[in-house]
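> Sequence and predicted structure, then a few things I'm wondering about:
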Amino acid sequence: MFALTFALGMVSGITMSFQLGITLSAFRITMLNPWMHTPASFELRGGGAHATDGWAIVFNPSMPYRPSHMMIASGLAVAFRAAGISACRWRRGDRGPMSG
């Protein structure tokens with residue numbers, strides 16, 4: 001019983017930490033993208049844009065919307081994929097539990 005509980009706890013912990021890591025990575029990648037749409041805190045010098053305040057660049061006016069949009073979109077994509085696989089199995093007449 002202890003081994004089963006330990007194994008399930010490890011799998012759950014690894015899965016949750018993996019999900020958290022992927023979510024933080026996706027957030028980090030998409031949180032700088034809003035600057036291209038609503039640039040803030042820069043000055044033009046010598047023909048190029050130079051940052052004046054890094055935090056203002058990251059937390060610009062459109063920052064809360066774009067990463068949350070990406071996270072919702074990725075969740076919906078996964079949900080539709082799971083629904084599609086389930087619909088295909090249902091249509092083939094496979095109504096039993098998945099066999100591993």
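Structure received.

> those helices in this structure, which residues are they?
For the chain, the helices defined by DSSP state H cover 2-31, 34-37, 54-58, 65-91.

> how about the last one: buried residues?
Neighbour counts using 16 or more other Cβ atoms under 10 Å place Arg66, Pro67, Met70 of helix 65-91 among the buried residues. All C-beta atoms are positioned from the backbone trio N, CA, C, and that covers glycine.

> on contacts alone, who are the packing partners of it?
Using 3 or more Cβ pairs under 8 Å, 6 or more residues apart in numbering; DSSP states H and E, the elements in contact with helix 65-91 are helix 2-31, helix 34-37.

> Try it again at 6 Å.
Under the contact criterion of 3 or more Cβ pairs under 6 Å, 6 or more residues apart in numbering; DSSP states H and E, helix 65-91 touches helix 2-31.

> What's the mean pLDDT across the helix it packs on?
Mean per-residue pLDDT for helix 2-31: 78.

> Hey, what's the angle from it to helix 65-91? Just curious.
Comparing the axes of helix 2-31 and helix 65-91 via axes from the mean of the first three to the mean of the last three Cα atoms, to 10 degrees yields an angle of 130 degrees.
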